[in-house]
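K.L.:
Next comes the sequence, and after it the predicted model I'd like to discuss.
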Amino acid sequence: MEVIGTKRAVQESDLDKLPYLEAVVKETMRLHPAVPLLLPYKAKNDVEICGYTIPNSTQLLVNAWAIARDPNYWNHPFSFCPERFLDSSLDFRGRDFEYIPFGAGRRICPGLPLAVRMVHLILASMIHSFDWKLPHGIHPQDLDMQEHWKNSHNAGFLDRFLINQFIFAYPSHTHPLVAILTKMELYIILFCISIFFLLLKPLFHRSKTLNLPPGPIGLPILGSIHSLGSHPNQSLAELAKVHGPIMTLRLGSITTIVLSSPEMAKQVLQTHAQSFSDRPIPDAIASMPNLETSLVWGPSDDNRWRKLRGICSTQLFSGQKLNSLQYLRYKKVEQLIQHIKKHCEISNTQVNIGQVVFATTLNLIFSTMFSIDIVDPEFSRAQELKDLVWKTVESAGKPNLSDYFPVLKRFDLQGVRKRARQHYDGMHQIFDDMIDKRMKARALDSTTRNGDFLDVLLDQWEENRSILNREAIKPLIQNLFIAGSETSATTTEWAMAELLRNPQVMQKAKKELLEVIGLERTVKESDIDELPYLQAVVKETLRLHPAAPLLLPYKARNDVEICGYTIPKGAHALVNIWAMNRDPKYWNQPLTFAPERFIGSKIDYKGGSFEFIPFGAGRRLCLGLPLATRMVHLMLASMILSFDWKLPQGINPEDLDMQEHFGMTLKKAVPLYVIPVMKTFD
Ligand code: HEM
């Protein structure tokens with residue numbers, strides 16, 4: 001505070017005037033060297049050291065960690081005492097061998113000057129900008145200072161920094177970046193980012209001159225990435241309380257506008273829909289073959305994209321088409337119920353709802369697509385397809401440096417694009433097989449059709465070869481699998497969790513189902529219209545647990561004026577529907593699960609009421625909405641009607657863990673395990 005004050009941000013030129021901060025960093029690197037054994041060396045020839053012979057090719061490890069805690073060289077070595085570095089000439093530049101956190105000699109870390117600057121700058125900015133406190137109930141002396149050993153290096157200062165900054169969607173114990181990158185690579189990434197940041201400075205300068213919506217200042221280089229935390233939907237909602245319903249965040253080198261009210265959402269999705277109808281393409285998606293024909297990511301001004309979207313809404317997701325294929329979905333839901341019944345036979349066996357429901361949605365989409373039984377022994381690649389869909393969903397949900405710093409894209413530093421490409425190729429191979437088989441069958445008998453989605457697409461291909469061909473059909477099918485499976489499964493799992501947490505709601509839903517359907521027959525999609533309470537349960541689930549809490553990102557096609565602010569061309573826009581759905585301005589007791597609020601209300605999820613848009617709105621409204629709502633209602637109604645459900649022993653409804661996991665969809669962090677009980681008949 002004495003050196004910088006409160007009026008401006010920390011600058012690199014301040015660092016020389018902050019000797020205590022420098023001592024803090026030095027002391028941190030002494031006790032917690034990022035690379036505790038340095039990087040291994042290998043002897044080039046036999047070497048004599050202290051009378052011993054180290055043979056050629058021996059691996060040598062230098063335990064910098066042990067040296068830095070050795071009482072022969074350090075007073076009170078386990079105390080964190082920055083003062084020891086004040087007025088001391090001891091430095092980490094490789095001259096003082098009792099302190100070599102960056103190594104020494106020929107292989108000393110080449111990024112040392114940059115790393116030191118960055119660590120100082122970031123630490124100073126964080127201390128300067130905020131007061132920090134520990135979570136409730138944790139005292140400073142209780143702070144867990146255990147180290148975590150990974151990939152031959154400890155998770156040290158920089159590592160933890162990177163974990164917290166970039167990998168906001170994963171708990172540290174499953175940290176994907178750590179699993180992929182060595183510490184040295186992390187340094188190199190930071191180095192690259194900084195170089196590119198310098199190259200990009202002129203671009204930032206332009207955004208400064210624009211009249212952007214307000215927002216947090218952010219850290220040098222990283223911007224506000226650190227503010228996102230592990231639950232960006234929640235963190236952005238908190239930030240919106242400070243900065244307002246339209247705010248700017250710099251995420252790496254990307255200017256991001258976050259909209260957090262129905263009025264602002266309308267501006268982007270309706271008023272300026274023309275400017276906001278494209279999406280930025282995440283790097284994990286960029287390796288998808290024939291990306292330009294993708295329904296989800298393709299450019300909306302492309303004639304082919306428009307025609308494809310038209311074909312899908314009128315021919316695939318029309319009421320008539322969906323009705324004609326509903327018998328296939330009944331078969332799949334019946335399989336789900338039979339599967340759960342097997343659990344009932346072994347009393348008190350728990351069912352992982354998310355897992356069985358994910359498998360069922362894939363089955364439902366699969367049979368709607370190919371009218372083939374995914375568990376058909378002939379379709380031996382079912383498990384392979386499930387795995388590929390799952391891996392793609394997972395990898396698309398992982399934060400990727402390249403998305404924050406597009407200049408890094410070409411390097412694919414985390415290997416995300418390469419891995420994603422393998423998944424896409426695997427899926428396309430399966431779809432190729434399906435298309436080949438179907439084309440052979442059609443060649444043998446040109447009149448008979450299965451009437452499924454694949455037939456519709458092949459018919460379109462025959463009729464209009466300029467719009468659709470084999471290469472465009474594959475990404476389309478793949479889009480539908482990826483966009484439809486996890487979203488629908490997650491929604492059904494949340495709905496079950498809410499029903500179990502609110503037994504009175506479960507009772508009401510069950511009562512309605514018994515009255516309308518009874519126990520003599522199974523649920524049909526045509527019953528849904530007669531089940532207003534069940535519909536309200538699904539709506540309330542989508543309100544509190546929207547599968548896509550920030551919708552899918554949009555990208556400004558040109559400079560756009562919104563409420564007197566200028567959103568620059570290329571800026572990304574996120575609509576935080578999670579925040580809107582929990583805003584007391586629009587919802588009474590917003591955190592309470594109360595389906596009753598939708599009974600007799602005109603609010604619907606079809607994109608007309610901007611306070612409730614779990615499927616988006618406007619030009620890019622979810623294409624699969626008609627299928628999604630049929631699937632979710634059908635699975636949920638069938639599960640409620642066929643079984644009584646109870647929580648595992650010792651878990652009370654109100655204790656059910658409802659924490660979220662932010663990834664490609666907003667999942668339950670702790671999977672829902674429940675015990676199905678066969679209904680008893682009086
Ligand atoms: C409960 C289930 C579902 C939810 C909550 C959901 C939600 C969404 C959301 C929020 C969007 C983005 C809208 C926007 O950015 O404005 C979207 C897009 C999309 N969804 Fe869904 N979805 C679900 C199920 C499905 C299903 C079953 C399919 C197809 C089988 C599907 C296909 C698509 C496609 C193709 C898009 C991209 C539309 C475009 O960019 O033009 N979705 N969905």
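P.N.:
The structure has been received and is ready for your questions.
K.L.:
Could you use CA atoms for every contact and neighbour count after this?
P.N.:
Will do.
K.L.:
I'd like the distance between the nearest residue to Val537 once chain neighbours are set aside and the ligand.
P.N.:
Excluding the flanking residues, the one nearest Val537 by CA to CA, 6 or more residues apart in numbering is Pro595, at 5.0 Å. For Pro595, the distance to the ligand equals 17 Å [CA to the nearest ligand atom, to the nearest Å].
K.L.:
try Asp433
P.N.:
Asp433 sits 20 Å away from the ligand, taking CA to the nearest ligand atom as the criterion.
K.L.:
Specify the local secondary structure of that residue.
P.N.:
Under the three-state scheme (DSSP: H, G, I helix; E, B strand; the rest coil), Asp433 adopts helix.
K.L.:
before we move on, what about His343?
P.N.:
Here His343 is recorded as helix under three-state DSSP.
K.L.:
picking up where we left off before, pLDDT score for the residue nearest to Val537?
P.N.:
Listed pLDDT for Pro595 reads 98.
K.L.:
How about Gln165?
P.N.:
37.
K.L.:
Check Met184 too.
P.N.:
pLDDT recorded at Met184 is 49.
K.L.:
same thing with Ile374?
P.N.:
Taking Ile374 on its own, its pLDDT is 59.
K.L.:
just Phe168 next, same as before
P.N.:
31.
K.L.:
how about the residues of the stretch 151-300 of the chain near the ligand?
P.N.:
Selection of the stretch 151-300 of the chain residues close to the ligand by CA under 6 Å from any ligand atom yields 295-296.
K.L.:
quick one, helices of the stretch 301-450 of the chain?
P.N.:
Here the stretch 301-450 of the chain has its helices, by DSSP state H, counting those that start in this stretch, at 303-311, 319-324, 326-345, 353-370, 382-396, 401-404, 416-444.
K.L.:
looking only at pLDDT, what's the mean for the longest one?
P.N.:
Per-residue confidence for helix 416-444 averages out to 91 on the pLDDT scale.
K.L.:
Buried residues of the helix or strand where Leu121 lies, list them for me.
P.N.:
Here Leu121 sits within helix 112-129, counting by DSSP states H and E. Within helix 112-129, the residues that count as buried by 16 or more other CA atoms under 10 Å are 112, 115, 118-125, 128-129.
K.L.:
can you check stretch 440-460 too?
P.N.:
Going by neighbour count (16+ other CA under 10 Å), the buried part of stretch 440-460 is 442, 452-458, 460.
K.L.:
So if we follow the domain assignment, how does this protein break up?
P.N.:
With domains defined by the TED database, the chain comprises 12-131, 262-678.
K.L.:
from the chain's centre, how far out does the first one sit?
P.N.:
Using CA atoms, centre = their mean, to the nearest Å, we find the averaged C-alpha position of domain 12-131 to lie 36 Å away from the chain's own average C-alpha position.
K.L.:
and the longest helix along the chain, anywhere near the ligand?
P.N.:
Looking across the chain with DSSP state H, the single longest helix is helix 470-501. Yes: under the criterion of CA under 6 Å from any ligand atom, the ligand is reached by helix 470-501 at 479-481, 483-484, 487-488, 491.
K.L.:
would a markdown table of these with distance to Leu542 and neighbour count be doable?
P.N.:
Formatted as a markdown table, those follow (distance: CA to CA, whole Å; neighbours: other CA atoms under 10 Å):
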| residue | distance to Leu542 | neighbour count |
| --- | --- | --- |
| Asn479 | 21 | 15 |
| Leu480 | 20 | 18 |
| Phe481 | 20 | 21 |
| Ala483 | 16 | 18 |
| Gly484 | 15 | 22 |
| Thr487 | 10 | 21 |
| Ser488 | 10 | 26 |
| Thr491 | 7 | 28 |
